[in-house]
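S.K.: Quick one: sequence and predicted model below, then my questions.
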Amino acid sequence: MSDNNKEIVRKVNKSFANGDFEEFLSSCAEDVEWTIYGDRTVKGREAIRDWMRQMAAENPEPPIFIGSDLVLADGDYVVSRGEMKMKDKSGKTIPYSYCDIYRFRGAEIAELQSFVVNIAPEAKASSQAG
């Protein structure tokens, strides 16, 4: 099961890189819960779809995924870590590091926990100054 779940996560990562959120959603359970720490929790496939549409309308350029450099699986869990770039509200492209923890129920994603950190040099400098 773990190898199959890893393949699903790799497919999901490709779908995010291609801006194809429906591919991601097709891998999710109806009652999926997605928590982006420090930002929000969205519950249910339709609510996530609506939120993703809203984000796409506000920021038509999808994130640029540099790649996932680590995908680990154990039982019902898969962890994926990598880097991406996204534009902020001013239009500036910002580099981020992410770690996603997926929990599966059968062959569907039941829960996704995302940790996303700005890794721009100025972000590092301001966090060290505090």
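M.R.: Sure, I can see it.
S.K.: Dump the longest strand along the chain to CSV, restricted to CA.
M.R.: For the chain, the longest strand by residue count, based on DSSP state E, is strand 93-105. Extracted C-alpha coordinates of strand 93-105, given in CSV (Å, rounded to 0.1, in the frame of the first residue of the first chain):
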residue,chain,number,x,y,z
THR,A,93,8.4,35.8,-7.0
ILE,A,94,9.2,34.3,-3.6
PRO,A,95,11.0,30.9,-3.0
TYR,A,96,9.4,28.5,-0.5
SER,A,97,10.2,25.2,1.0
TYR,A,98,7.3,22.9,1.7
CYS,A,99,6.6,19.7,3.6
ASP,A,100,3.3,17.9,3.0
ILE,A,101,2.1,15.1,5.2
TYR,A,102,-0.6,13.0,3.5
ARG,A,103,-2.8,10.5,5.4
PHE,A,104,-4.6,7.9,3.3
ARG,A,105,-7.8,6.0,3.8
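S.K.: Okay, now the sheet partners of it, with direction.
M.R.: Note on strand 93-105: by DSSP bridges, its sheet partners are strand 77-87 (antiparallel), strand 108-118 (antiparallel).
S.K.: Of these, give the one that comes closest to Asp39.
M.R.: strand 108-118 (7.9 Å; Cβ to Cβ). To be clear about C-beta, it is placed using only N, CA and C from the backbone, and glycine gets the same treatment.
S.K.: Buried ones in that closest one, by neighbour count?
M.R.: For strand 108-118, the neighbour count (16 or more other Cβ atoms under 10 Å) marks 108-114, 116 as buried.
S.K.: so how far is the helix or strand where Ile48 lies from its chain's centroid?
M.R.: Using DSSP states H and E, Ile48 falls within helix 45-58. Here helix 45-58 shows a centroid-to-chain-centroid distance of 13 Å under the convention Cα atoms, centre = their mean, to the nearest Å.
S.K.: buried stuff in that helix?
M.R.: Neighbour counts over helix 45-58 (16+ other Cβ under 10 Å) mark 45, 48-49, 52 as buried.
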